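> Structure for this input, please:
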Amino acid sequence: SVIYTADDGVAPYVVQAYLPFSAKLIRDEIADTDTGIVDIRIRSVDARILNSRKIMVRVSYAVRMTVYTPHTITTWETQTDDAVQLLHSTVQGVFPIAAAEKQTTFTETIELPAMGSTMKRILKSQLDLQWNEKKVSDDKAIVKGNVLLHLVYELENGQLESFDVQIPISQYLEFTEDITDGVVRLTGAIRDYQIDSEEENSYLVTIGLCVQAVIWKQMEIPMIEDGYCIGNVFDAEYETYQIRQRLDHPSQTINAEGKLQGKVQKMIDCSAWIDFPVCKRGRDEITTEAAVTMHAFYYDDAGMLRGETVKTSRSGNFVLSEEAICYADADPAGGCFLSGAGENCRISCGVGLSLRCFAEKTLQSMKSASVGETLVKKAERPSLLVRRTASREPLWNIAKQSGSTVCMIRTVNNLETDTAEENVLLLIPTV
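Residues are numbered from 1 along each chain as shown. Here you go, the predicted structure:
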């Protein structure tokens, strides 16, 4: 909605325009089984009168997509004898395990305040989503919050007023697996909106909502890192996986503000757009900075309608996790408001800055193997070896090189761990 005035600066006019857009995001090797979570952000809006019949509206927007690729890690299972030795391990961390999407429509009746005059028309509607509660239970994610509805309207007496109301949301998303103890990452968007008059000062609001959720959960991933067969050729096939596990999620709330040039007698409307933040990595910290565009629409001290745009930016510093990959987010926190009066009026809005930090790992696991021909006959191998360690070394490496097992080396040498210290004389029994 574009609200403007004629030369007299008193009577408001409104033009509503629907601006379709499309965005193409390119990423290598997106498979049909991948899941995409999309964030769309209006970065800034402005309008300019070109002539008596034309108004140019410019909307800057950004689109960001996070793609989740499922991995199935296959580990080799064998029923062979004790000659085959396998190095089992587990990778612990918080990983994405499931995603779901839900589209829904709901209605709510709102009451406008009595102003001594009935409403003539709505000039502007703005809707924002606010999530207050996210929890999981069995195979469901339950989310609660509010749709923040902001209305600017004209009364029959020609005055402009604004009204804010919180419309509660309570939804659940179903998953195909148990997500108990998981953590929800949530995104949502308003698909459509309609407001209809029911009776005096009473209106029916219809809202179409799209909600996407990804569940992150603490997991242990079983792996087979290595293997060998004592006295025989051992051919193994390995598969490599690139994974990301969730680290910390720090956040902070700061205030963005700017001074208005005019003398404000009565504020009608103020709104803010917050851009996706830019990250600047330092040695041991990361700085995030987000551009903020704020609009104010008010009556000045002469009773004239005026509009102003204030542009600023806000930044925050976070301690950087070692070798972390970080993505920054910036969201409204607490709405837009005015402070002061007259020629000292300032427009402000809360900005929530946060980081999503991940550790990237390359895993390799044995998915199949076979035992081949004999390398050395048992009768030709010594039954006991003596070795002095040159440095701290895993018993697995010693056992594999010597044709023994970790268990036998630990037992004979009374070791409490699977690592031999430097300059230690070891007795190594062979099988």
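
> Show me the shaky parts of the protein.
Applying pLDDT under 70 to the chain flags the ranges 8-10, 79-81, 376-380, 431.

> What segments of it are helices?
Taking DSSP state H, the helices of the chain run over residues 395-402, 406-413.

> how distant is the last one from the center of its chain?
Which is helix 406-413. Taking CA atoms, centre = their mean, to the nearest Å, one finds helix 406-413 lying 48 Å from the centre of the chain it belongs to.

> same question, stretch 103-113
The answer for stretch 103-113 is 28 Å, by CA atoms, centre = their mean.

> one step back: please identify the most buried of the helices of the chain.
Most buried of those by mean neighbour count (mean count of other CB atoms under 10 Å) is helix 395-402; its value is a mean of 18. Every residue, glycine included, has its C-beta placed from N, CA and C.

> okay, the angle between that one and helix 406-413?
100 degrees (axes from the mean of the first three to the mean of the last three CA atoms, to 10 degrees).

> From the contact counts, what lies against helix 395-402?
With contacts defined as 3 or more CB pairs under 8 Å, 6 or more residues apart in numbering; DSSP states H and E, the packing partners of helix 395-402 are strand 84-111, strand 202-229, strand 384-388, helix 406-413, strand 419-420, strand 425-429.

> can I get the helices of the chain in a markdown table with distance to residue 99?
A markdown table is the format used below for these (distance: least, CB to CB, whole Å):
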| stretch | distance to residue 99 |
| --- | --- |
| helix 395-402 | 38 |
| helix 406-413 | 40 |
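
> Of those, give the one that comes closest to residue 429.
Closest to residue 429 of the helices of the chain, according to CB to CB: helix 406-413, at 5.1 Å.

> any chance of the helices and strands packed on helix 395-402 in a markdown table, plus distance to residue 267?
Output for the helices and strands packed on helix 395-402, formatted as a markdown table (distance: least, CB to CB, whole Å):
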| stretch | distance to residue 267 |
| --- | --- |
| strand 84-111 | 21 |
| strand 202-229 | 23 |
| strand 384-388 | 82 |
| helix 406-413 | 74 |
| strand 419-420 | 69 |
| strand 425-429 | 81 |
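
> can you pull the contacts of residue 359?
Counting by CB atoms under 8 Å, 6 or more residues apart in numbering, residue 359 makes contact with 93, 244-245, 247, 321, 323-325.

> can you give me the strands in the stretch 1-150 of the chain?
Taking DSSP state E, counting those that start in this stretch, the strands of the stretch 1-150 of the chain run over residues 2-5, 12-15, 35-51, 54-68, 84-111, 119-137, 140-155.

> want to throw those into JSON lines with mean neighbour count and distance to residue 169?
JSON lines is the format used below for these (neighbours: other CB atoms under 10 Å; distance: least, CB to CB, whole Å):
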{"stretch": "strand 2-5", "mean neighbour count": "16", "distance to residue 169": "28"}
{"stretch": "strand 12-15", "mean neighbour count": "14", "distance to residue 169": "28"}
{"stretch": "strand 35-51", "mean neighbour count": "14", "distance to residue 169": "18"}
{"stretch": "strand 54-68", "mean neighbour count": "13", "distance to residue 169": "23"}
{"stretch": "strand 84-111", "mean neighbour count": "15", "distance to residue 169": "8"}
{"stretch": "strand 119-137", "mean neighbour count": "16", "distance to residue 169": "8"}
{"stretch": "strand 140-155", "mean neighbour count": "18", "distance to residue 169": "5"}
